[in-house]
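Colleague: task: produce atomic coordinates for the following.
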Amino acid sequence: MIIELQKVLNNEIPLTNAIGICVEDYTDNAIKISAPLENNINHKNTAFGGSLYSISVLAGWSLLFALLKENNRQGHIVIHESNIRFHKPVNGNIIASCQIDDEIALNRFLKIFDRKGISRINLTSTIQQDGDDAVIFKGTYVVHK
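Modeller: Prediction:
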């Protein structure tokens, strides 16, 4: 799944090549993606806010792609609404994590998708710095056939 997802990101979302997205891990409804600081650095020698936003969005997008594939479904994934909080600067390689802990919400999302051909789900991605949440992203993703 990781290799396939990496290919999809590189081929279908060109920005991922420029910022250096790498799918690190996917297990148990959780994903980690990373990007090197040097591709995403700002004038303060920390990660650029736009890159942090993009990587956070892509963590949720990637998780949904993998979950749909794992559950034998296909659809177009888009971000519908989002909110991001920057709590502290990121001055190292960027690692975004996203997971779905709520199996009931995931099952409801899939059932609605099967029935209506469109469904939405709320996901949270985090980026840590020195063991603290540096960035917290909350997004509503919509998947349609």
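Colleague: in what element of secondary structure is the closest residue in space to residue 128 that isn't next to it in sequence found?
Modeller: Of all residues not flanking residue 128 in the chain, residue 134 sits nearest, at 6.0 Å (C-beta to C-beta, 6 or more residues apart in numbering). For every residue, glycine as well, the C-beta is placed using N, CA and C. Counting by DSSP states H and E, the element that carries residue 134 is strand 132-144.
Colleague: so for that strand, mean pLDDT?
Modeller: Strand 132-144 shows a mean pLDDT of 97.
Colleague: for residue 28, give me the pLDDT.
Modeller: Note on residue 28: pLDDT of 83.
Colleague: in contact with it, which residues?
Modeller: Residue 28 sits next to residue 99 when contact means C-beta atoms under 8 Å, 6 or more residues apart in numbering.
Colleague: all further residue positions should be reported with the first residue as 24.
Modeller: Got it, first residue is 24 now, which makes that one residue 51.
Colleague: mind listing what residue 70 touches?
Modeller: For residue 70, the contact set (C-beta under 8 Å, 6+ apart) comprises 60, 63-64, 112-114, 117.
Colleague: nearest to residue 74, of those?
Modeller: Set against residue 74, the nearest of the contacts of residue 70 by C-beta to C-beta is residue 63 (3.6 Å).
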